[in-house]
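Chemist: For reference, the sequence and a predicted model appear below.
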Amino acid sequence: MLRKGLWAVAFLGLGAGAQAQVAGEPIMATPAPLTTVVPAGTYVDFEILDPINSKLSKPGDRFRIRTTVPVGASGATVIPAGALGEGEVIHAARARAGGKAGELILAARFIEHQGQKIGLRSFRFAQVGDSRTDEAILVGLVAAPVVLFIAGSDVDVPVGARGQAKLVADLPFTLSANGN
């Protein structure tokens, strides 16, 4: 009986030793992911995807934009080229009589990536049409009623026009083991 008991203890001891040996093998630890940020104020390059015109647009109208250059930090791409977003017409005025040019002021609002709206600021796309007020004044000195028929030009922003804005806030992201 004593022999059976020793045999059982020896057997249990081998089992424990086997576990210790497995536990003693080097374990490949996965490195903790590194969190970093793309800082606020980083430039975002984009193109306008909808035609905009000072004659037809009004304040509050929205238009689509798309990034043209990836945005990133530490060698990682955080926002890829081709990410879609939105801009807004802030001010629009059609060309007027007397040679006054049309006016158009646009703002970039956000880029959307992975379900997140990433705020943009500091983009004021202000474009003014050709003014013809000098011409209108000169004609007005000679024939005042003709001045009413001289108008400046409207502002046209074609599809593909480029713009640039800045990130509103820091954009945190996690670097994986391969750096992306």
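Modeler: Received, thanks. Keep in mind that this is a model prediction, so the values were computed, not measured.

Chemist: Which stretches in this protein count as helices?
Modeler: 2-24, 133-142 (DSSP state H).

Chemist: Now the weakest link among those, please, by mean pLDDT.
Modeler: Confidence, taken as mean pLDDT, is least for helix 133-142 of the helices of the chain (a mean of 41).

Chemist: which regions of this structure lie under the pLDDT threshold?
Modeler: 1-33, 97-99, 124-152, 176-180 (pLDDT under 70).

Chemist: residue ranges of the strands in this structure, please?
Modeler: For the chain, applying DSSP state E gives strands covering 34-38, 43-48, 52-53, 62-67, 71-73, 76-79, 84-93, 103-113, 116-121, 125-128, 156-157, 162-167, 171-175.

Chemist: So what are the sheet partners of the fifth one and their directions?
Modeler: Applying DSSP bridges to the sheet, strand 71-73 is found paired with strand 76-79 (antiparallel).

Chemist: neighbouring contacts of the partner strand?
Modeler: 38, 44, 67, 70-72, 111, 113, 118, 171, 173, 175, 179-180 (C-beta atoms under 8 Å, 6 or more residues apart in numbering). C-beta: built from backbone N, CA, C; applies to glycine.

Chemist: Can you tell me which of those residues lies closest to residue 105?
Modeler: Taking C-beta to C-beta as the measure, residue 105 sits nearest to residue 44 out of the contacts of strand 76-79, at 18.7 Å.

Chemist: That closest one - how many residues pack around it?
Modeler: By other C-beta atoms under 10 Å, the residues close to residue 44 number 25.

Chemist: does it really touch residue 165, like I thought?
Modeler: Yes - the pair residue 44 / residue 165 is scored as a contact, 5.4 Å apart, by C-beta atoms under 8 Å.

Chemist: who's in contact with residue 117?
Modeler: Counting by C-beta under 8 Å, 6+ apart, residue 117 touches 110, 111.
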